[in-house]
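*Asks:* what follows is a predicted structure for the sequence shown.
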Amino acid sequence: MKKIGVLLSGCGCYDGSEIHEAVLTLLSLSKAGVESICIAPDIDMTHVIDHSTGAEASETRNVFVEASRIGRGKVVKLSETNVNDFDALILPGGFGAAKNFSDYAFTGKDCKVRPDVSKIILKTIAANKPLGAICIAPVIVAKVLGKGIEVTIGTDNDTASNIESFGAKHIKCSALECHVDEKMKVVTTSAYMNGESIAEIAEGIDKLVKKVIDLI
């Protein structure tokens with residue numbers, strides 16, 4: 001059975017992994033008969049957001065612990081993950097990618113990616129294994145891989161401009177589509193970057209998952 005790693009950045013669209021995107025990814029993998037391996041770094045979240053108000057909460061939470069909510073307790077620490085453990089890797093979106101995997105949410109094009117996240121992305125590509133990225137996560141992939149990589153985050157011009165400042169190429173796509181960089185084996189879809197409903201983003205994520213599997 002094929003195994004695909006799903007790298008989570010917490011639990012919640014404003015401070016962690018976007019839950020719809022993460023669960024739809026896991027659902028698509030399950031329907032395709034693929035085993036998913038949920039992975040998360042064991043680090044404190046940058047901050048915690050009260051999702052009912054959008055305000056910052058005065059508490060501390062852990063990315064690994066929060067990701068375990070999505071993985072139903074079955075999550076592997078990123079520090080204990082080896083690229084040989086999976087056949088491909090997918091990064092769902094959510095502000096956690098821009099806040100916990102990197103500081104993109106605060107510094108934009110001058111962002112830095114966490115070394116352990118950068119390392120797993122680079123090792124996946126070096127091993128010639130497919131990589132999928134959803135919503136804002138393609139920004140992280142573009143920052144790490146740089147020149148020559150093609151990704152989509154939909155149609156947002158400011159984010160697309162930041163991606164191209166990394167030397168990457170941005171391709172405009174709707175949330176119903178995914179873009180495939182055949183040479184690099186990188187598949188991206190915009191999801192909630194410009195999708196308006198869970199049904200809409202489900203179609204794009206399903207296409208991404210199927211393509212990632214095809215590229216294995």
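*Replies:* Done, it's in. Numbering: from 1, shown residues only.
*Asks:* ok, the nearest residue to Met184 once chain neighbours are set aside - contacts?
*Replies:* Leaving aside its sequence neighbours, Met184 sits nearest to Ile149 (CB to CB, 6 or more residues apart in numbering; 5.6 Å). The way it works is simple: take the backbone N, C-alpha and C, and place the C-beta from them, glycine included. Counting by CB atoms under 8 Å, 6 or more residues apart in numbering, Ile149 makes contact with 141-142, 168-169, 181, 184, 186.
*Asks:* and the helix or strand bottoming out on mean pLDDT in the chain, how far out from the chain middle?
*Replies:* Using mean pLDDT, DSSP states H and E, strand 55-57 stands out as the lowest-scoring helix or strand of the chain, at a mean of 90. Distance, stretch centre to chain centre, for strand 55-57: 23 Å (CA atoms, centre = their mean, to the nearest Å).
*Asks:* contacts for that strand next, please.
*Replies:* With CB under 8 Å, 6+ apart as the test, strand 55-57 has contacts from 47-50.
*Asks:* nearest to Ile201 among the residues you listed?
*Replies:* Of all these, Ile201 sits closest to Ile49, with 20.4 Å by CB to CB.
*Asks:* show the pLDDT at that closest one.
*Replies:* What the model reports as pLDDT for Ile49 is 95.
*Asks:* excluding its backbone neighbours, what's nearest the most centrally placed residue in the chain?
*Replies:* Residue closest to the average C-alpha location in the chain (CA atoms, centre = their mean): Leu91, at 2.3 Å. Closest residue to Leu91 apart from its sequence neighbours, by CB to CB, 6+ apart: Ala137 at 4.0 Å.
*Asks:* for this structure, which helix is longest?
*Replies:* helix 198-215 (DSSP state H).
*Asks:* export it as PDB, just CAs?
*Replies:* Extracted C-alpha coordinates of helix 198-215, given in PDB (Å, rounded to 0.1, in the frame of the first residue of the first chain):
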ATOM      1  CA  ILE A 198     -16.200  23.300   0.800                       C
ATOM      2  CA  ALA A 199     -17.600  21.600  -2.200                       C
ATOM      3  CA  GLU A 200     -15.500  23.700  -4.500                       C
ATOM      4  CA  ILE A 201     -12.200  23.200  -2.700                       C
ATOM      5  CA  ALA A 202     -13.000  19.500  -2.300                       C
ATOM      6  CA  GLU A 203     -12.900  19.100  -6.100                       C
ATOM      7  CA  GLY A 204      -9.500  20.800  -6.400                       C
ATOM      8  CA  ILE A 205      -8.000  18.800  -3.500                       C
ATOM      9  CA  ASP A 206      -9.300  15.600  -4.900                       C
ATOM     10  CA  LYS A 207      -7.600  16.300  -8.200                       C
ATOM     11  CA  LEU A 208      -4.400  17.200  -6.400                       C
ATOM     12  CA  VAL A 209      -4.400  13.900  -4.400                       C
ATOM     13  CA  LYS A 210      -5.100  11.800  -7.500                       C
ATOM     14  CA  LYS A 211      -2.300  13.500  -9.400                       C
ATOM     15  CA  VAL A 212       0.200  13.100  -6.500                       C
ATOM     16  CA  ILE A 213      -0.700   9.400  -6.400                       C
ATOM     17  CA  ASP A 214      -0.200   9.100 -10.200                       C
ATOM     18  CA  LEU A 215       3.200  10.700  -9.900                       C
END
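*Asks:* if anything else comes up later, I'll come back, but that's it for now.
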